[in-house]
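S.K.: one predicted model, sequence on top.
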Amino acid sequence: MELQYQLINGLPPQGQLTALLDLLAVVFVNQSQAEIRADLDYQLTRTGVQILLASDNERLVGCKLGYERKPGHYYSWLGCVHPDYRGRGIAAELMRRQHDWCREQGYHTVRTQTYNQWREMLILNLRFGFAIVGTVQGKRGLTIVLEKAI
């Protein structure tokens, strides 16, 4: 398996946007495709939106999206890997690439949030040096807030 990684600044072309929505709908089954699209449309209006995509040939298998929270601070908003491709290091590679890009752009802090139900993501964040800095009430329960200096 030879994965290809692509960095997109801003909104992806329609074909990739459709593939991204399909991937997110497979992973985030507790949300409708309309909810996912609305969240995505809202987040894409932010400053410095950056999308990393992982593909196996033409099949989109992973993504990592983020944006500038405030000067010097980046928010890693959303990421996922298709269930058929988990356990292959794709999420870790997407995170490495995102953090490398953040450093190159002059960001010094990355923040992310996750729910306890996404334990694999929580563990990956902790392995990558994130610290739990708090919790907030999210749309779907208690949200764990993590931050890392880069």
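M.R.: Yep, it's here.
S.K.: for this protein, which element, helix or strand, carries the lowest mean pLDDT?
M.R.: Sorted by mean pLDDT, DSSP states H and E, the helices and strands of the chain end with helix 33-43, the least confident at a mean of 87.
S.K.: list the buried residues in that helix.
M.R.: I36, R37, D39, L40 (16 or more other C-beta atoms under 10 Å). Where you see a C-beta, it was placed from the backbone N, CA and C, and this is true even at glycine.
S.K.: show me what that helix packs onto, helices and strands only.
M.R.: helix 14-27 (3 or more C-beta pairs under 8 Å, 6 or more residues apart in numbering; DSSP states H and E).
S.K.: would you mind listing the buried residues in the helix it packs on?
M.R.: By neighbour count on 16+ other C-beta under 10 Å, the buried set for helix 14-27 is Q16, L17, A19, L20, L21, L23, L24, A25, V27.
S.K.: how near is the third one to L53?
M.R.: So the one you mean is A19. Per C-beta to C-beta, to the nearest Å, A19 is found 8 Å from L53.
S.K.: who touches both of the two?
M.R.: L60 (C-beta atoms under 8 Å, 6 or more residues apart in numbering).
S.K.: what about the strands in the protein?
M.R.: Ranges of strands within the chain are 3-9, 50-56, 59-70, 73-81, 109-115, 131-138, 141-149, based on DSSP state E.
S.K.: how far does the second one sit from the chain's center?
M.R.: The reference is to strand 50-56. 10 Å (C-alpha atoms, centre = their mean, to the nearest Å).
S.K.: how about the fifth one?
M.R.: Relative to its chain's centre, strand 109-115 lies at 10 Å (C-alpha atoms, centre = their mean).
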